[in-house]
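A.B. asks: Here's my sequence, what's the structure:
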Amino acid sequence: MTQPVRIVLIGAESTGKSTLAAALADARGLPQTGEFVRTYVERLDRPLREDDLDPIARGQLAEEDRHTDVPAVLHDTNTLSTLIYARHYFGVTQAWLEQAFAARHYAIYLFCQPDIPWTPDPGQRDSPQARDAQHALFDAALQRRSLPAVRIAGDPATRLRSALNAVDQVLR
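C.D. replies: Model prediction:
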């Protein structure tokens with residue numbers, strides 16, 4: 001079976017990924033997958049711990065695999081985020097997840113820039129300062145792995161236009 005063209009929205013917290021994913025899905029009629037860690041954290045009655053990393057990673061992989069029978073799918077983040085946050089918050093590398101990530105092909109990353117106002121999301125976000133530090137981690141990870149990425153910045157209309165152009169290029 002042919003795998004779908006996987007389009008990933010990625011970036012630090014509060015950079016408009018979910019909003020853009022919904023707009024893209026609507027504009028191009030594409031299915032989308034969500035950010036598993038969001039629902040995982042909402043069910044917890046405590047802060048995340050290192051032993052939460054494997055269930056989060058497995059849940060994200062399952063989320064990504066919800067739409068394998070379609071020509072293309074939008075991922076509102078992927079396991080690269082899981083790897084970055086595991087290292088950032090807990091100082092660990094998940095070797096099995098590195099292998100699972102390397103075995104998957106993502107056609108393009110829409111790298112959302114932190115040029116929009118930071119908005120709080122209790123239990124999910126740290127701070128505007130943390131967002132800037134996280135952005136640098138995402139930028140370095142994309143570059144280190146030589147992943148195809150398009151920077152998405154500007155007001156909502158500009159972001160959507162840039163993302164649509166990138167998606168259309170990949171889907172040709």
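
A.B. asks: Run through the strands of this structure in chain order.
C.D. replies: 5-10, 32-33, 72-76, 108-112, 149-152 (DSSP state E).

A.B. asks: Using CSV, write out every CA atom in the third one.
C.D. replies: In CSV, the C-alpha atoms belonging to strand 72-76 read as follows (Å, rounded to 0.1, in the frame of the first residue of the first chain):
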residue,chain,number,x,y,z
ALA,A,72,-2.2,13.1,1.7
VAL,A,73,-2.5,14.0,5.4
LEU,A,74,-1.7,17.0,7.6
HIS,A,75,0.0,16.3,10.9
ASP,A,76,-0.5,19.0,13.6
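
A.B. asks: helices or strands up against it?
C.D. replies: Applying 3 or more Cβ pairs under 8 Å, 6 or more residues apart in numbering; DSSP states H and E, we find strand 72-76 packed against strand 5-10, helix 17-28, strand 32-33. Where C-beta positions appear, they are placed from N, C-alpha and C, glycine not excepted.

A.B. asks: Parallel or antiparallel, which strands does it pair with?
C.D. replies: Note on strand 72-76: by DSSP bridges, its sheet partners are strand 5-10 (parallel), strand 32-33 (parallel).

A.B. asks: which residues sit against the longest one?
C.D. replies: So that's strand 5-10. With contacts defined as Cβ atoms under 8 Å, 6 or more residues apart in numbering, strand 5-10 is touched by 17-18, 20-21, 24, 30, 64, 71-78, 80-81, 104-112, 138, 142, 149, 152, 163, 167, 170-171.

A.B. asks: One more: stretch 141-148?
C.D. replies: Stretch 141-148 is contacted from outside by 10, 80, 83, 84, 106, 107, 108, 109, 111, 149, using Cβ under 8 Å, 6+ apart.
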